[in-house]
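Novice: Mind folding the following:
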Amino acid sequence: MNSFRSPAFSEVERGHRPPVEKTSLARFEEAISLTCAPVQIRPTGGARFSGALRSVRADGLLVAQLRTTPTAVTRTGRLLTSTDPEFVKLAWQRRGTSRLEQDGRRCVVPAGHLVAYETTRPYQLFSESASDGAWDAVIVAVPRDRLWPHARPISERTAIPVPAESGPGRALALLVEELTRCSDADPGTTQLAALHLADALTSMMLAVYAGLSPAAGPHRVTLADRIRAHALANLGDPGLCVESIAASLAVSVRQVHKACAQEGFTAAAWIRRQRLERIRRDLLDSALAGRSTAAIAARWGLLDVTHLARQFRAAFGESPAELRRAAG
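Specialist: Numbers count the residues shown, from 1 in each chain. Coordinates of the predicted model:
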């Protein structure tokens with residue numbers, strides 16, 4: 001697990017001498033590229049370039065606050081390599097607007113909206129300042145394997161703006177905002193806060209994108225999307241199983257198995273993994289140090305802990321007891 005680190009902040013502005021201008025823009029481009037994946041940045045609109053980047057890591061997620069004058073951010077061609085880290089990016093537009101192009105879709109992202117895109121495929125992002133000259137966005141980069149196996153619903157809905165002023169989109173934006181505030185908290189509490197927020201944010205991303213109506217984009221919500229969303233909402237129910245999911249979604253057990261198989265997973269194994277990850281999170285929570293492993297497992301629907309240690313070791317390389325000892 002990656003602990004929450006103190007924020008690294010860099011701010012660069014174009015100067016008046018050509019060498020300084022070139023160096024400043026290059027420094028900013030390098031900072032953005034090192035933060036996530038290689039990109040090319042070019043000023044647009046003939047304005048003097050200035051930009052600021054503040055980034056933090058939260059339990060494997062990378063959160064970057066960006067301010068720039070109008071720019072074009074491109075990730076195409078030779079910038080894409082098989083050795084680059086794979087991220088699903090969620091951008092929350094706070095001021096100004098953006099134009100995003102990926103997967104053959106083009107959209108305008110106004111202030112107060114969210115949009116997703118991926119580093120594994122080409123994209124272009126054009127920032128346009130508001131009337132006061134400001135462009136401000138928060139970008140959360142989630143490792144693609146962190147979303148396994150439900151990265152697909154998000155991947156199929158890139159470049160589709162989602163309102164962040166109400167409903168699930170608002171809840172997702174609030175989680176992003178809380179992650180950006182973690183850096184100001186007591187160092188003794190930031191790791192725990194980031195752990196919970198990062199976990200909640202990844203779950204909420206799935207809920208938001210699995211719940212997009214067909215009118216929001218060319219891809220429909222699949223049965224597998226609904227299965228995962230239902231399971232996440234009911235992980236604490238000991239009776240959660242393939243049969244209960246089928247009954248709740250008014251489909252057959254066979255349909256549940258088939259829908260999951262088409263996307264390369266089984267419902268039972270996926271539920272087990274989600275429960276184990278949340279049990280691990282709670283075992284690391286110092287506020288729950290006095291609670292037994294069995295009680296924590298029961299919170300997430302596992303009442304029979306006979307095989308928990310074996311499953312836990314298979315998933316994380318250590319038993320619950322070893323994890324707690326290592327955490328002190």
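
Novice: shaky segments in the stretch 201-328 of the chain?
Specialist: Scanning the stretch 201-328 of the chain for pLDDT under 70 picks out the ranges 212-221.

Novice: Next one: Asn126 from Ile154, what distance?
Specialist: Check again: residue 126 is Phe, not Asn. Phe126 sits 22 Å away from Ile154, going by Cβ to Cβ, to the nearest Å. From N, CA and C alone the C-beta is placed, and that goes for glycine too.

Novice: what about the two, which has more around it?
Specialist: Using other Cβ atoms under 10 Å, the more surrounded residue of Phe126 and Ile154 is Ile154, with 24 against 17.

Novice: wait, doesn't the more buried one sit right on Val140?
Specialist: No. Counting by Cβ atoms under 8 Å, Val140 is not a contact partner of Ile154; they are 12.0 Å apart.

Novice: Distance check, Ser244 against Ile227.
Specialist: 11 Å.

Novice: again, but for Pro38
Specialist: The value you get for Pro38 to Ile227, if Cβ to Cβ is used, is 36 Å.

Novice: Over to Pro85?
Specialist: Applying Cβ to Cβ to Pro85 and Ile227 gives a distance of 29 Å.

Novice: Please apply the same query to Arg275.
Specialist: 15 Å.

Novice: So for those two, which residue has more residues nearby?
Specialist: The neighbour comparison of Arg275 against Ile227 (other Cβ under 10 Å) goes to Ile227, with 27 against 21.

Novice: For the residue nearest to Pro38 when sequence neighbours are not counted, grab the count of nearby residues.
Specialist: With Cβ to Cβ, 6 or more residues apart in numbering as the criterion, Pro38 has its nearest non-adjacent residue at 4.7 Å, and that residue is Leu79. Leu79 has 15 neighbours, counted by other Cβ under 10 Å.

Novice: List the residues that contact Leu79.
Specialist: Going by Cβ atoms under 8 Å, 6 or more residues apart in numbering, Leu79 touches 37-40.

Novice: Look up the pLDDT of Arg27 for me, please.
Specialist: At Arg27, the model reports a pLDDT of 86.

Novice: Just to be sure, it is in a helix?
Specialist: Yes. Secondary structure of Arg27 (DSSP: H, G, I helix; E, B strand; the rest coil): part of a helix.

Novice: distance of it from Cys36?
Specialist: In terms of Cβ to Cβ, Arg27 sits 16 Å off from Cys36.

Novice: Just the element for the spatially most central residue of the chain, please.
Specialist: When Cα atoms, centre = their mean is applied to the chain, the residue found nearest the centroid is Val142 (3.7 Å). According to DSSP states H and E, Val142 maps onto strand 136-143.

Novice: Val140 - how many residues pack around it?
Specialist: What Val140 shows, counting by other Cβ under 10 Å, is a neighbour count of 26.

Novice: hmm, back to that, list the contacts of the residue nearest to the residue nearest to the centre of the chain when sequence neighbours are not counted.
Specialist: Nearest residue to Val142, sequence neighbours excluded (Cβ to Cβ, 6+ apart): Val88, at 4.9 Å. Applying Cβ under 8 Å, 6+ apart, we find Val88 in contact with 116-119, 141-142, 144, 147, 151, 154-155, 205.

Novice: For beta bridges, what are the partners of Val88?
Specialist: Glu118, Val142 (DSSP bridges).

Novice: now do the one 4 residues further on
Specialist: Partner residues in beta bridges with Trp92, using DSSP bridges, are Leu114, Val138.

Novice: now it: how far from Trp270?
Specialist: 28 Å.

Novice: what about those two, which has more around it?
Specialist: When Trp92 and Trp270 are compared on other Cβ under 10 Å, the one with more neighbours turns out to be Trp92, at 25 against 20.

Novice: Flag every buried residue along stretch 79-99.
Specialist: 87-98 (16 or more other Cβ atoms under 10 Å).

Novice: just how off-centre is stretch 255-266 within its chain?
Specialist: 24 Å (Cα atoms, centre = their mean, to the nearest Å).
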